[in-house]
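**Q** predicted model and sequence follow; I will ask about them next.
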Amino acid sequence: MSNLDFQAMRRAMVDSQLRTNAVNDPRITAAIETVAREDFVPADRRAIAYIDRAVPLSDKRAMNPALVTARLIVEAGLEPSDKVLIVGAASGYAAAVVAGLVQSVVALESDADLAAEAKRHLKGLPNVAVVCADLAKGHAKGAPYNVILIDGAVEDLPQALVRQLADGGRLAAALIQGGVSRLCIGYKAGDGFGVNPVMDADAVALPGFATPKGFTF
């Protein structure tokens, strides 16, 4: 499939999947249109890179639907001066989009193979660093962050991540509540942190964020 075909698919994705679902910020849509999403999936799945569902990256992981990632980016309210931590960076797609909108990005991925792919895809972006480590622990070395974007669905928001937010920082994620994946935006003010729901959406579940089980006899 030619680059021209992929460009047409990218424009169609933006017009039919994103603009119709409140992704209208011209900075964000322009950034999405400059990133070749097909380059971030396995070669045999390039043709389905722009479908409105998750795209498998391996037996255990998948790339979020474009709408999920795009709406999280919108809700995060990114500013050019922001330092951003992306949790669950996978092969690097979200980091590539966000890199064109902010000062710096740390792309955190726990899967060594995916982290290696992300490094390969993102090596030309001087404001992006890829870190391979436990997702739930974040990357304290680079904190505080103005924005933490969890590019996937989690049952539990670890305090380790909340502590890495700057005062006034935002955390965008899909939270699994009652079996439903719901996009949410959280705000930190002093020692306080609160989360507001945005919309229900099928996001890819990330490993390592299960709700701690209470002790029972």
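**A** Perfect, I can see it now. Numbering: from 1, shown residues only.

**Q** low-confidence regions, this protein specifically.
**A** Within the chain, the segments meeting pLDDT under 70 span 1-4, 212-217.

**Q** let's go with 50 and repeat that
**A** Using pLDDT under 50 as the threshold, the predicted model of the chain has low-confidence ranges 1, 215-217.

**Q** tell me which residue is most central in it.
**A** Within the chain, one residue has its C-alpha closest to the average C-alpha position: by C-alpha atoms, centre = their mean, that is residue 151, at 2.7 Å.

**Q** list the buried residues in stretch 186-200.
**A** 186, 188, 193, 195, 198 (16 or more other C-beta atoms under 10 Å). Where you see a C-beta, it was placed from the backbone N, CA and C, and this is true even at glycine.

**Q** dump those into a markdown table; add secondary structure and distance to residue 76 as well.
**A** Shown next, in a markdown table, are those (DSSP: H, G, I helix; E, B strand; the rest coil; distance: C-beta to C-beta, whole Å):
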| residue | secondary structure | distance to residue 76 |
| --- | --- | --- |
| 186 | strand | 10 |
| 188 | strand | 13 |
| 193 | strand | 15 |
| 195 | strand | 13 |
| 198 | strand | 11 |
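
**Q** gap between the two ends of stretch 74-85?
**A** Taking C-alpha to C-alpha, to the nearest Å as the measure, stretch 74-85 stretches 15 Å from start to finish.

**Q** one more: stretch 48-58?
**A** End-to-end distance of stretch 48-58 (C-alpha to C-alpha): 15 Å.

**Q** pull the residues that contact it.
**A** Contact with stretch 48-58 is made by 6, 9-10, 12-13, 17, 37-38, 40-42, 45, 62-67, 90-91, 111, 113-114, 202, 204, as judged by C-beta atoms under 8 Å, 6 or more residues apart in numbering.

**Q** can you show me the strands along this protein?
**A** Counting by DSSP state E, the segments of the chain that form strands are 55-56, 62-63, 83-87, 104-109, 128-132, 145-154, 165-177, 180-189, 192-200.
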